[in-house]
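Visitor: can you look at this prediction? I've put the sequence above it.
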Amino acid sequence: MYDSNNQQIFPTIHTGVGVVLLSVVVFLLCLPKSLYALPEGAQVVGGDASVSQLGDVLTIQQNSQQTSINFEGFSIAQHETVNIFQPNSDAIALGRVLGGNPSEIFGNLNANGQFFLINPSGILFGENASVNVGGLVATTLSLSDDDFFAGLYQFQSMDGVGGGVVNNGSIHVEPGGYLALISNTVTSNGELASDNGLVQLTSADQVTIVFSESLPALAVDKATYQGLVSNNGKIQVGEGMVVMSAAVTDALMQTVVNNEGVIEAQGVIHQGGRVFLTSSHSGDVINAGDIDVSSSLDGGEVSLIGDRVAQLGNVNANGGTRGGSVKLFGQSAVALGDGSLTMANGGESVTSRGGEVIAIANGQAIFRDGAVIEATGSERGGFVEVSGYESVDIFGHVSTSATNAPDGNLLSENGTFLIDPFDVTITGATNNNGPAAGVFTPTGTASTIDVATLEANLALGNVVVETTNAGGAEPGDLIVATSINLDGSNGNTLTLQADGSLFVNNSISDQNTVTVDDTNISLVAGGNLQIADGVIVNSGGGTIQLTVGGNATVTGLVTSNNTASAVLVNAASINDAGDSNLDIDANNGGVSLNSGFGNVANMEVAVDTLSMTISGGGAVNITEQDDITLQTFNGVSDLSVTAAGTVTLPDAGLVIANSINIQAADIQDSDSSVVLTTQDATVQLTAAVNDVTLLTSVDRLDVSITGQGGNVASLTVVESNGLQVEDLSGDGNALVASYGNVVLQVQQGDLSVNNTVSATDTLADGVRAGLIDIQIEQGNLLIGDQTATVIQSINTVDDGVDGGLGNLPTNQVAIRIRHSDTGDQSHAFTLGDGVGASGDVTISAQGGDVLIDSYNDASLTLGNTRTITINNDVQINAFDLATDATDGAVVTGSVSNVGSVIARTGRAITLRENETLSVTTPDIVVDVSNDISETIKEESDLSPGSNAEPVGKVSDASRLFASVFNACDKTQSKHVDKERCQLENSMQQFLGTLLIGGDLPGLSNISEIQKGRK
């Protein structure tokens, strides 16, 4: 037998099997007319009944609910009638034929109740036969009287007897009744009808019928060796159920359930009926006819189940409100042939929904070119699956569209087409199945999906291609070997889901650039995802989602979607494919990159917003061609962002474990905090527009922040524990604000500053920029403990312009090193006590003053083995005023190039033996307006710097030096302790050299100052 494409439906049947299966049919059809007669030899063996005959009419009068009658023969000629009168529709009459001849029914058989006709030799309902009963069982299996009267309806085959049941006539049972034809071979070429009831054709050697308040259930207890169930006629059950089943043990049997006729289980008032074509053992189940379970409400249910299943005809499970369900399950194979039509559509109602069509084989699934599956609906499309776990051939047409979707109905949603093999390749290969190919002959051994078929189906609904790991040679890989054109797929979703790895070797995009469709793309891989160099995955305005269990190699992701979830990538690690393409182009939308345990490396993007989570604490490297907004970053160890435009930091801040490198034209969001969470951190922010705060819990820190375009970008570092500020990036700098201020605050523990701390006012415009404020609350401060250290404020504040740090009238302090106002102010400050090869310290303020505050009992030590260079005016507050004024000191080593050195009220400056204080400006001011214990201990040479002007500055010098000698001037009202005002010759020589021997106004009693040491 062949289908419309001349493809073989039934391969050649094994010779022996053919003889057995056909013998009963041939025998019954060839019986001579003389054998046709009314039933004869009737004997009532149980229950209350009588048998009488009048002419061509045989009457059985049943008076009990059950009766058993043995017949020598039970046949009805065309002009004859058998009437069975029963107490009610539940009454059962059993007619058992023992004569050895088949029963031939060509006339009329009527019963108002139920009739069991048992003839092991076979039963034939002829072409003109008319049967009207409440219920009918016609079988070649036997049933004992004991079981019958006990209500145990267990039918079983008799050894050596092998008849069949054939219907060529018309058999009708009352609405809601049952009609069962049971034998090893059952064929119906006529009409079988049971409105809202059950029609069952079963091939088996033993079955049990269980009656209930609803339809009876027939269970197969034992398979037959060789069997066949076939319908070539018409079966009607309304909203009832049709079952064609075979249980066959002969592995050589091929087709065992076959429908080439019409099966109708249509629903008029309620849902459609149910049709089951099943083979519980070996053999093919084939529908080459029409099966209709449609309804004005919900469509019905159709199931074809067997070793190999073929749908070659028409199956209609349409429903007015909702499409029904069609399921094809094949152990070895499932096939949808050329010209077949399988429907589970919703109706024309605006709220109708599509049903489901599922074709699955553990072996191969074949979806022929010319085969059509529909599961459409007005409001929502349905679901279609064609899956062969070993292989698939997909060339057919599928529609799961929502017909209201083109009208812009936001509630409308297209359905899904799922393809699920082991390994599969999406290819442009042609269908090489010619007319001579068998129903179950695939295109090749490997699973293939025709790209044109995929594209056509995607235009009518969502498409899912999903692979399964076979656990052997086929790990569930999916390969895109040819480009996929998304043209016409607007609003739908393409999902490529590999249980193994997913290889996108060709582009996925709308090739019609005039009207680009918005298609959602989901790429899922249990293993790795590899998008090849140069490949473009363009969703138009749809979203792109990558979910990868292994590593994702990404390039060419393009979308114009403007939502926050335009692109979502979840993978163990995310890497650039290595080509020159943008890896992610989502300029209008948000991108989220989430890495489980690895890095996000070298990603070139054009996105609107970016979020990131890395469970394993990996590194992130992002290059943005325009503006980018950073949102949530969780678990990232190292972050590198390079942007041609603006980088906007999240309001909640960035939590980065180690280093941050952001280079952009602008860096924005004044409320943002950058949070560092582990040991060593490098932060480089280039072209920051607004202030940035770093909240850290690190051991070592290296920060660079750069402003451009006249925008101030200040840097505030707040550390909750001890901190080393040093060069970690290799550029020689520790903290740099190229156009802005630097605030460094340590709340607990010691602060160690190495390498350069720099703040610059690049415009030198007097704006509050280029200022440095170093604060410590609960620890010691050490500047320059390992390497040469520079604290520099460049182009800070022009003279006379407010805007600096501190409390001076002009607010021109550019560098302030101090205890915090709220901290423990007893810890020591040390400048230049390095133990390395070079620990020199330079504190340089270009355009502002330097203020060093060490309060209470704290000492400020200017390292005795290193050179401390302080440029511009310096205010040194060594300690707060104490009663005895003996605590606290400024201990200097070699201090050169010092501007004005001012020891504020109640402070002391001690110069150690053989050390030099060189002054570049003629200003040394010691304010001793209060009583003090010591003003200056002279233990060192004091000499003017090389820039001291020897002449013409007497008045300037006297103005500044007058305050030094107030305590020794008798004209002042202050108490004078001459012993504490003694100056050595060296001091006198110093003053003389500095002032070229000039007299100091207000120092008329200079001669009374005693010479010598104290």
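Guide: Happy to help now that I have it.
Visitor: partner residues bridging the nearest residue to residue 569 once chain neighbours are set aside?
Guide: Spatially, and ignoring its direct neighbours in sequence, residue 569 is nearest to residue 546 (4.4 Å; Cβ to Cβ, 6 or more residues apart in numbering). Where C-beta positions appear, they are placed from N, C-alpha and C, glycine not excepted. Judged by DSSP bridges, the bridge partners of residue 546 are residue 523, residue 569.
Visitor: how near is residue 546 to residue 553?
Guide: Distance of residue 546 to residue 553, computed by Cβ to Cβ, to the nearest Å: 10 Å.
Visitor: direction included, what does the helix or strand harbouring residue 245 pair up with?
Guide: According to DSSP states H and E, residue 245 maps onto strand 241-246. Applying DSSP bridges, strand 241-246 is found paired with strand 198-203 (parallel), strand 274-279 (parallel).
Visitor: what sits up against it?
Guide: For strand 241-246, the surrounding residues in contact (Cβ atoms under 8 Å, 6 or more residues apart in numbering) are 197-204, 215, 218, 220, 224, 227-229, 231, 235, 256-257, 259, 263, 265, 273-281, 283.
Visitor: returning to what we had before: from residue 249, how far off is the residue nearest to residue 569?
Guide: From residue 546 to residue 249 the distance is 50 Å (Cβ to Cβ).
Visitor: got the contact list for residue 257?
Guide: Going by Cβ under 8 Å, 6+ apart, residue 257 touches 228-230, 244-246, 277-279, 283-286, 306.
Visitor: spatially, what comes nearest to it if we skip its sequence neighbours?
Guide: With sequence-adjacent residues excluded and distances taken as Cβ to Cβ, 6+ apart, residue 257 is closest to residue 285, at 4.4 Å.
Visitor: the one you found contacts residue 306, doesn't it?
Guide: Yes: using Cβ atoms under 8 Å, residue 285 makes contact with residue 306 at a distance of 3.4 Å.
Visitor: who touches both of these two?
Guide: With Cβ under 8 Å, 6+ apart as the test, residue 285 and residue 306 both reach 256, 257, 277, 278, 279, 330.
Visitor: of all those, which two lie farthest apart?
Guide: Pairwise distances across these (Cβ to Cβ) peak at 13.0 Å, for the pair 256 and 330.
Visitor: can you put the strands paired with strand 241-246 in CSV and add mean neighbour count and distance to residue 69?
Guide: Formatted as CSV, the strands paired with strand 241-246 follow (neighbours: other Cβ atoms under 10 Å; distance: least, Cβ to Cβ, whole Å):
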stretch, mean neighbour count, distance to residue 69
strand 198-203, 28, 24
strand 274-279, 24, 33
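Visitor: in CSV, list these along with distance to residue 529 and mean pLDDT.
Guide: Putting the strands paired with strand 241-246 into CSV (distance: least, Cβ to Cβ, whole Å; pLDDT from 0 to 100) gives the following:
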stretch, distance to residue 529, mean pLDDT
strand 198-203, 50, 95
strand 274-279, 41, 94
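Visitor: for burial, what's the neighbour tally of the nearest residue to residue 63 once chain neighbours are set aside?
Guide: Nearest non-adjacent residue to residue 63, counting by Cβ to Cβ, 6+ apart: residue 48, 4.0 Å away. Neighbour count for residue 48, taken as other Cβ atoms under 10 Å: 13.
Visitor: I figured residue 48 hits residue 62, correct?
Guide: Yes: the criterion here is Cβ under 8 Å, and residue 48 meets it with residue 62 at 7.3 Å.
Visitor: joint contacts of those two?
Guide: With contacts defined as Cβ under 8 Å, 6+ apart, no residue is adjacent to both residue 48 and residue 62.
Visitor: out of the shared contacts of residue 285 and residue 306, who's nearest residue 447?
Guide: Using Cβ to Cβ, the shared contacts of residue 285 and residue 306 come closest to residue 447 at residue 330, 15.5 Å.
Visitor: which SSE is the closest one in?
Guide: strand 325-336.
Visitor: by contact count, what packs against that strand?
Guide: If you count contacts as 3 or more Cβ pairs under 8 Å, 6 or more residues apart in numbering; DSSP states H and E, strand 325-336 packs onto strand 301-311, strand 341-343, strand 356-361, strand 364-367, strand 383-388.
Visitor: out of those strands, nearest to residue 87?
Guide: Of all the helices and strands packed on strand 325-336, strand 301-311 comes closest under Cβ to Cβ, at 35.6 Å.
Visitor: partners of that closest one in the sheet?
Guide: Partners of strand 301-311 in its sheet, by DSSP bridges: strand 274-279 (parallel), strand 284-287 (parallel), strand 325-336 (parallel).
Visitor: for that strand, list the C-alpha coordinates in PDB.
Guide: This file holds the C-alpha atoms of strand 301-311, laid out as PDB (Å, rounded to 0.1, in the frame of the first residue of the first chain):
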ATOM      1  CA  GLU A 301      -8.200  13.900  21.800                       C
ATOM      2  CA  VAL A 302      -6.400  11.700  19.300                       C
ATOM      3  CA  SER A 303      -3.600   9.300  20.200                       C
ATOM      4  CA  LEU A 304      -1.600   7.100  17.900                       C
ATOM      5  CA  ILE A 305       0.800   4.800  19.900                       C
ATOM      6  CA  GLY A 306       3.000   2.000  18.600                       C
ATOM      7  CA  ASP A 307       6.400   0.800  17.800                       C
ATOM      8  CA  ARG A 308       6.300   2.800  14.600                       C
ATOM      9  CA  VAL A 309       3.500   5.400  14.100                       C
ATOM     10  CA  ALA A 310       2.600   7.200  10.800                       C
ATOM     11  CA  GLN A 311       0.100  10.000  10.300                       C
END
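Visitor: following it, which helix or strand comes up?
Guide: By DSSP H and E, the next helix or strand past strand 301-311 is strand 314-316.
Visitor: who's in contact with that next one?
Guide: Everything outside strand 314-316 that qualifies as a contact, by Cβ under 8 Å, 6+ apart, is 287, 289-294, 302, 326, 340-343.
Visitor: show me which of these are buried.
Guide: 287, 289-294, 302, 326, 340-343 (16 or more other Cβ atoms under 10 Å).
Visitor: which one among the residues you listed gets closest to residue 578?
Guide: Set against residue 578, the nearest of the buried ones among the contacts of strand 314-316 by Cβ to Cβ is residue 342 (45.8 Å).
Visitor: how close does the residue nearest to residue 569 sit to residue 386?
Guide: Separation of residue 546 from residue 386 (Cβ to Cβ) stands at 25 Å.
Visitor: which one's more surrounded, those two?
Guide: Applying other Cβ under 10 Å to residue 546 and residue 386 shows that residue 386 carries more neighbours, namely 29 against 24.
Visitor: distance of that one from residue 463?
Guide: Here residue 386 is placed at a distance of 11 Å from residue 463 (Cβ to Cβ).
Visitor: okay, buried residues for stretch 393-406 please.
Guide: Neighbour-count burial for stretch 393-406 [16+ other Cβ under 10 Å]: 393-405.
Visitor: taking the mean pLDDT, what do you get for it?
Guide: Mean pLDDT, stretch 393-406: 83.
Visitor: next one: stretch 772-788
Guide: 72.
Visitor: quick one on the thing from earlier: quick check, nearest of the contacts of strand 314-316 to residue 124?
Guide: Using Cβ to Cβ, the contacts of strand 314-316 come closest to residue 124 at residue 289, 22.0 Å.
Visitor: ok, now which ones touch that closest one?
Guide: Counted by Cβ under 8 Å, 6+ apart, residue 289 has contacts 231, 232, 259, 260, 261, 262, 263, 313, 314.
Visitor: how about residue 307?
Guide: Here residue 307 is in contact with 279, 281, 282, 283, 284, 285, 330, 331, 332 (criterion: Cβ under 8 Å, 6+ apart).
Visitor: can you tell me how far it is from residue 326?
Guide: Look at residue 307 and residue 326: by Cβ to Cβ, they are 19 Å apart.
Visitor: now do residue 116
Guide: Per Cβ to Cβ, residue 116 is found 34 Å from residue 326.
Visitor: now swap in residue 639 and tell me
Guide: The gap separating residue 639 from residue 326 is 53 Å, by Cβ to Cβ.
Visitor: good, wrapping up.
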